[in-house]
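Participant: I need the structure of the sequence given here:
(one chain, ligands or ions: 2)
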Amino acid sequence: MPSIDDLRKTAANCVAAEPGRLGSAGWWQPPLLAAAPVDSRFDQLPRMAAADHLHPTDLLPTARSVIVFFIPFHPQLVKDNQPGQRPCRNWGLAYVQTNELIGRVSLAVRDLLAAAGFASGLTPATHNFDPVRLMARWSHKHLAHLVNLGRFGVHHLLITPAGCTGRLGSLVTEAELGEHPLIQTAEACLLKAGQPCGKCIEACPVDALTEDGFDRSRCWQRLNENYRVLDYFADLPESTDVCGKCTALMPCSFKNPVAKS
Ligand code: SF4
Ligand code: SF4
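Facilitator: Residues are numbered from 1 along each chain as shown. Ligands and ions are numbered 1, 2, ... in the order given. Got it, this is the predicted structure:
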């Protein structure tokens, strides 16, 4: 059976190969990958995420492990997205290209496991949610929390040991991989750990964030509006719903600030 290191290497090779495949410099840093056994922790998903959230065994009845990976963005992209109230062109382009990369990483990990005789179950990187309730039926973020890849920040994004600016993907497999956590602190958000911050709250252009709340609908409207009003998104798919201001050059952008402080 492939080891967790084999899976991590496969994911890293896939991310490293993407700039060459695209013929560009790419937007990514090496990925993180965590795994956990399918156990009772995943029974919490309907309460934590959405009442109709899928269980890992809904994707694959024989699932024994959940794998979640995080592909961090390069700091320059994040820096470029900070100025102004709207996302920059490259932030939108990186979103689209990262969705495709997430699919490729998932397939590469699936193929590695399949070569050893283990089936896997996959879902798309995004747009698998109820447009009215705006809650994912398969939430990579909540799964990432449960496999201990990261912890939620006040901005409702996952803060991993490599920060929060990047994208998550996940799959389930019948291979028994064991427990492979990556986050080392109970909280990874300064404010949640009782330390001063709140910079993401200040950065949101539509006041969707508060210390203990998230106006999901207000955020979602802004993401949709960005696509409609930005001429330089015109050649990108309609599903390019991006903003990212609450992650741009924050204390948690590229690291777990609680672990470092
Ligand atoms: S910017 Fe500060 S308050 Fe917001 S999620 Fe990051 S660490 Fe937490
Ligand atoms: S993505 Fe943009 S609109 Fe949504 S919470 Fe973050 S800063 Fe606010």
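Participant: first-to-last residue distance for stretch 19-34?
Facilitator: Taking CA to CA, to the nearest Å, stretch 19-34 runs 24 Å from one end to the other.
Participant: with stretch 238-247 instead?
Facilitator: One end of stretch 238-247 to the other measures 22 Å (CA to CA).
Participant: does ligand 2 have contacts with it?
Facilitator: Yes - Stretch 238-247 reaches ligand 2 (CB under 6 Å from any ligand atom) through Cys243, Gly244, Lys245, Cys246. (Glycine included, C-beta is placed from N, CA and C.)
Participant: in the stretch 51-200 of the chain, where is pLDDT below threshold?
Facilitator: Within the stretch 51-200 of the chain, the stretches with pLDDT under 70 are 124-135.
Participant: so how far is Ala193 from whichever residue of the chain sits closest to ligand 1?
Facilitator: As assessed by CB to the nearest ligand atom, ligand 1 sits closest to Gly153 within the chain, at 2.8 Å. When distance is defined by CB to CB, to the nearest Å, Gly153 is 10 Å away from Ala193.
Participant: out of these two, which sits in the more crowded spot?
Facilitator: Gly153 (27 against 17; other CB atoms under 10 Å).
Participant: ranges for the strands of the stretch 1-150 of the chain?
Facilitator: 32-37, 65-72, 120-122 (DSSP state E, counting those that start in this stretch).
Participant: most packed of those strands?
Facilitator: Comparing these by mean neighbour count (mean count of other CB atoms under 10 Å), strand 65-72 ranks first with a mean of 26.
Participant: report whether stretch 252-261 contacts ligand 2.
Facilitator: No - Stretch 252-261 is not in contact with ligand 2 by CB under 6 Å from any ligand atom; minimum separation 12.6 Å.
Participant: return the set of buried residues in that stretch.
Facilitator: Cys252, Ser253, Phe254, Lys255, Asn256, Pro257, Val258 (16 or more other CB atoms under 10 Å).
Participant: check stretch 100-120 too.
Facilitator: Leu101, Ile102, Arg104, Val105, Ser106, Ala108, Val109, Arg110, Leu112, Leu113, Phe118, Ser120.
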